[in-house]
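Novice: Generate coordinates for the sequence data below:
(one chain, ligands or ions: 4)
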Amino acid sequence: MAGTGFTLPKPRPSGPPYFSRNQVATSLHQVAVLLELQGANVFRVRSYQNASRMLGSLTEDLGELVATGRLLEMKGIGKGLGSALTQVIAEGRWPSDWIELHASTPDGMIEMLGIPGLGPKRIKLMHQELGVDSVASLKEAAESGKIAPMKGFGAKSQSRMLDGIELLARFRARRRLDVGLMYGEAFETRISQIEGVEKVQLAGSARRRKETIGDLDLVVAVHAEHHEQVANAILSLPGIADVKGAGDSKISLILDTSIFEEGFTVGHIDPNVLDAIGGDDYEQLESGGTIDAQVRLVPLEVFPFTLAYFTGSKEHNIAMRQRAIDRGLRLNEFGLIPEAKAGELKGMAAAQYSLHATDEEEIYRHLDLAWVTPELREDTGEITAAESRSLPRLVTTADVRGALHNHTTLSDGEASLEEMADTARKMGWNWLGIADHSPTLKVANGASAEDLLAQGETIRTYNEAWKNDQVDFRLFHGVESDILSGGKLDHPDDVLATLDYTVASVHAISKWRARDELENTEELIRCIDHPATTVLGHPTGRILQGRDGYEVDLFAVLEHMAEHNDEGRLKAVELNASPYRLDLDWRLCKHAKGLGVPVIINPDAHSVRGLADISYGVMAARKGWLEHDDVLNGLSAEALAARLL
Ligand code: DGT
Ligand code: CA
Ligand code: CA
Ligand code: ZN
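Specialist: Numbers count the residues shown, from 1 in each chain. Ligands and ions are numbered 1, 2, ... in the order given. So this is what the prediction gives:
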């Protein structure tokens, strides 16, 4: 079935072996699941599962295994299954009963397998007893209370199913940037290794560094004579769960986690955030997840035009096309074509008259524009800036000398103060801010005032030692204080006064979400007015693909912060760099910049690996037009210390 990854792959053109070990193992596993869905005998199910596991762990060449007859001698592969597999591998034909099994199982039942915590056995039972054969009909049955009375189910499992359905729907819609990039870059690498590929590049929203990705778009340059061979090679790459369509120049497919040579690892996430988006169920979805991809194959001379077109955004393209029209040119994925020459011709036929461009920069130059970096292609002023040569010089990861919001084992971090400092130094940073949770946040092991003061002593000792040793590194001591009722901070003023800074963050999300925008905005403003508040942490509390933030008028909050800054009091807004958050949203960065509110990109690291999330924050900051001087991360330790006084 298309879209679920449940399908018998097409044999590759050159065999035997006609299928990879992975493909055969996956197909065996799927047959086992289908048999279970149809209520087959457990021994039969198990024999397929065992065979799948065994083949999956083999390192030998499949073709040889069949040719030498060793496959038939393997323990656990019976005579029937052995000869079926021989036919598959040596002749490229799937057994007719497997094909029949795929064809006779309702698509909806396979779709239901995607619901976290729901396996084939229970799907089969619900199908038999209630006629449930799709996610939609399962939802209906659960909502009308028909699942709970079934033997072995109960009210709890019924409500868990509803949660799972909700989670699946949310998960299916789009994927986070970090996940999209992981798949996109792995796919790009695999395609680049195919013979005959002249160029390959990830385009679309992933190239524009959008916070979530709908599908991946890749553009491949290939000489006409290698076109077919390259297309076939792409179709037989590992990690392709399904092919949705393979036309002449466009291939649509579904990728799964077997594309990753090193396996798939879920991002660095702190347990509270993970719980907020579905906990273990979410991790399970993520590690078994898929993503759609579209690949375009074009000749090398067309490549820059196709790349620019499929990088988008649609809005940017429309503005570019209009600019071309104003110059008597037609801009599309095939070229930049003078109307006078192309006349009635369309597509590639018209493209033979295209102006020449070896790269994107030349396309922009033909339209009297400076090249626009992909992050900015959202039609929010970049074309005007490109015309007047006033595009921003965007911040880079190399500009980052430190960050202020990071955790240690004093609260819910995994690494000690020493390990965090050590890693920051190895990353080439000159300073690191430590801001552990405050006491009210019990779930995150918020530190007491006493422990916080002791941490301050330790930090001072280290700073002195580094200074004496002339090491260009220092720690700043802060706290991540919960914002309590009335916008109050979570420590007495005399404790806060010992710190270099305070990151004030909302954590009682459900309470804040239950209130209206006006109340939340006022409460945040009250907290910002507290003399100790330096940084507003993850300003909306959103978790991408997880939960919306609370209602708040961030324009008003930023304007209020601007007033403080105008009067010389530092009030910075965090761009939380965790790919689960990216909060401040990039759309608001430009606004903060315009108001003169400094942005601080913070990894909110809960482990040494978490520090690396800074790169996603930099991507979002770039997308939000921020330059070196707009972020506190670019300051030297001395300059920052002066700002924090
Ligand atoms: P996504 O996949 O929803 O995260 O976002 P994109 O931007 O990757 O969108 P997608 O995959 O639908 O299309 C890739 C690019 O192709 C898009 O950014 C711009 C271009 N494109 C697609 N459809 C149109 C269209 O109707 N008009 C124009 N001008 N460009 C389009
Ligand atoms: Ca896309
Ligand atoms: Ca697309
Ligand atoms: Zn934090």
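Novice: For the rest of this, base every contact and every neighbour count on C-alpha atoms.
Specialist: Fine.
Novice: State the phi and psi torsions of the residue in the stretch 351-500 of the chain that ligand 2 sits nearest to.
Specialist: Closest residue of the stretch 351-500 of the chain to ligand 2, Cα to the ion: Pro374 (13.4 Å). Phi and psi for Pro374, reported as degrees, to the nearest 10, are phi -50, psi -40.
Novice: what sits against it?
Specialist: Contacts for Pro374 were tallied using Cα atoms under 8 Å, 6 or more residues apart in numbering; they are Arg207, Arg208, Arg209, Thr311.
Novice: Among those residues, find me the one that's closest to ligand 2.
Specialist: The shortest approach to ligand 2 among the contacts of Pro374 belongs to Thr311, at 8.2 Å (Cα to the ion).
Novice: Could you measure from that closest one over to ligand 1?
Specialist: When Cα to the nearest ligand atom, to the nearest Å is the yardstick, Thr311 and ligand 1 sit 5 Å from each other.
Novice: likewise Val573?
Specialist: Counting by Cα to the nearest ligand atom, the separation of Val573 from ligand 1 is 27 Å.
Novice: got it, and Glu519?
Specialist: As defined by Cα to the nearest ligand atom, Glu519 lies at a distance of 34 Å from ligand 1.
Novice: what's the pLDDT at that residue?
Specialist: According to the prediction, Glu519 has pLDDT 96.
Novice: same deal with Met1?
Specialist: Predicted confidence (pLDDT) for Met1: 41.
Novice: repeat for the one 3 residues further on
Specialist: Thr4 carries a pLDDT value of 62.
Novice: ok, and for the helix-or-strand element of the chain with minimal mean pLDDT, which residues are buried?
Specialist: Sorting the helices and strands of the chain by mean pLDDT, DSSP states H and E puts helix 271-277 at the bottom, at a mean of 80. By neighbour count on 16 or more other Cα atoms under 10 Å, the buried set for helix 271-277 is Val273, Leu274, Ile277.
Novice: same thing with stretch 371-388?
Specialist: Of the residues in stretch 371-388, 371-379, 382-383, 386-387 count as buried by neighbour count, 16+ other Cα under 10 Å.
Novice: Which pair of these spans the longest distance?
Specialist: Greatest spacing in those, by Cα to Cα: Glu375 and Glu387 (17.1 Å).
Novice: need the buried residues of stretch 371-388 in TSV with secondary structure and distance to ligand 1, can you?
Specialist: Listed next are these as TSV, based on DSSP: H, G, I helix; E, B strand; the rest coil; distance: Cα to the nearest ligand atom, whole Å:
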residue	secondary structure	distance to ligand 1
Trp371	coil	17
Val372	coil	14
Thr373	coil	14
Pro374	helix	10
Glu375	helix	11
Leu376	helix	12
Arg377	coil	9
Glu378	coil	9
Asp379	coil	12
Glu382	helix	15
Ile383	helix	15
Ala386	helix	19
Glu387	helix	20
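Novice: nearest to Val495, of those residues?
Specialist: Within the buried residues of stretch 371-388, distances to Val495 taken as Cα to Cα reach their minimum at Glu375, with 42.0 Å.
Novice: pLDDT score assigned to the nearest residue to the closest one once chain neighbours are set aside?
Specialist: In space, and not counting its chain neighbours, Glu375 is closest to Arg208: 4.2 Å by Cα to Cα, 6 or more residues apart in numbering. Among the per-residue scores, Arg208 holds a pLDDT of 98.
Novice: and Arg208, how many neighbours?
Specialist: 22 (other Cα atoms under 10 Å).
Novice: for Ala231, same thing?
Specialist: The tally of other residues near Ala231 (other Cα under 10 Å) stands at 24.
Novice: That one: what's it in contact with?
Specialist: When contacts are counted by Cα under 8 Å, 6+ apart, Ala231 is found next to Ile251, Leu297.
Novice: can you tell me the helix or strand for it?
Specialist: Using DSSP states H and E, the element containing Ala231 is helix 227-235.
Novice: Now do the buried residues in that helix.
Specialist: His227, Gln229, Val230, Ala231, Ala233, Ile234, Leu235.
Novice: Next one: the second one relative to ligand 1, how far apart?
Specialist: Counting by Cα to the nearest ligand atom, the gap between Gln229 and ligand 1 amounts to 25 Å.
Novice: ok, now Leu645?
Specialist: Going from Leu645 to ligand 1 by Cα to the nearest ligand atom gives 43 Å.
Novice: Below-threshold pLDDT in this protein: ranges please.
Specialist: Applying pLDDT under 70 to the chain flags residues 1-5.
Novice: Up against ligand 1, what does it have?
Specialist: Within the chain, the positions near ligand 1 by Cα under 6 Å from any ligand atom are 204-205, 213-215, 309-314, 317-318.
Novice: how many neighbours does whichever residue of the stretch 151-300 of the chain sits closest to ligand 2 have?
Specialist: When you check the stretch 151-300 of the chain against ligand 2 by Cα to the ion, the closest residue turns out to be Asp215, at 4.0 Å. Using other Cα under 10 Å, Asp215 has 19 neighbouring residues.
Novice: same thing with Pro531?
Specialist: As a burial measure, the neighbour count of Pro531 was computed by other Cα under 10 Å and equals 14.
Novice: what does Lys442 give?
Specialist: Close neighbours of Lys442, defined as other Cα under 10 Å, add up to 12.
Novice: change the start of the numbering to 30 and stick with it
Specialist: Happy to do that; since the first residue is 30 now, the last one works out to Lys471.
Novice: What are the phi and psi values at it?
Specialist: Summarising the backbone geometry of Lys471 under the convention degrees, to the nearest 10, its torsions are phi -70, psi -40.
Novice: So among the residues of the chain next to ligand 1, which ones count as buried?
Specialist: Applying a neighbour-count criterion of 16+ other Cα under 10 Å, the buried members of the residues of the chain next to ligand 1 are Gly233, Ser234, Ile242, Gly243, Asp244, Tyr338, Phe339, Thr340, Gly341, Ser342, Asn346, Ile347.
Novice: So which of those belong to strands?
Specialist: Ile242 (DSSP state E).
Novice: what would the buried ones among the residues of the chain next to ligand 1 look like in JSON lines with distance to Gly357?
Specialist: Compiled in JSON lines, those are given as follows (distance: Cα to Cα, whole Å):
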{"residue": "Gly233", "distance to Gly357": "27"}
{"residue": "Ser234", "distance to Gly357": "29"}
{"residue": "Ile242", "distance to Gly357": "34"}
{"residue": "Gly243", "distance to Gly357": "34"}
{"residue": "Asp244", "distance to Gly357": "33"}
{"residue": "Tyr338", "distance to Gly357": "19"}
{"residue": "Phe339", "distance to Gly357": "22"}
{"residue": "Thr340", "distance to Gly357": "23"}
{"residue": "Gly341", "distance to Gly357": "21"}
{"residue": "Ser342", "distance to Gly357": "22"}
{"residue": "Asn346", "distance to Gly357": "16"}
{"residue": "Ile347", "distance to Gly357": "15"}
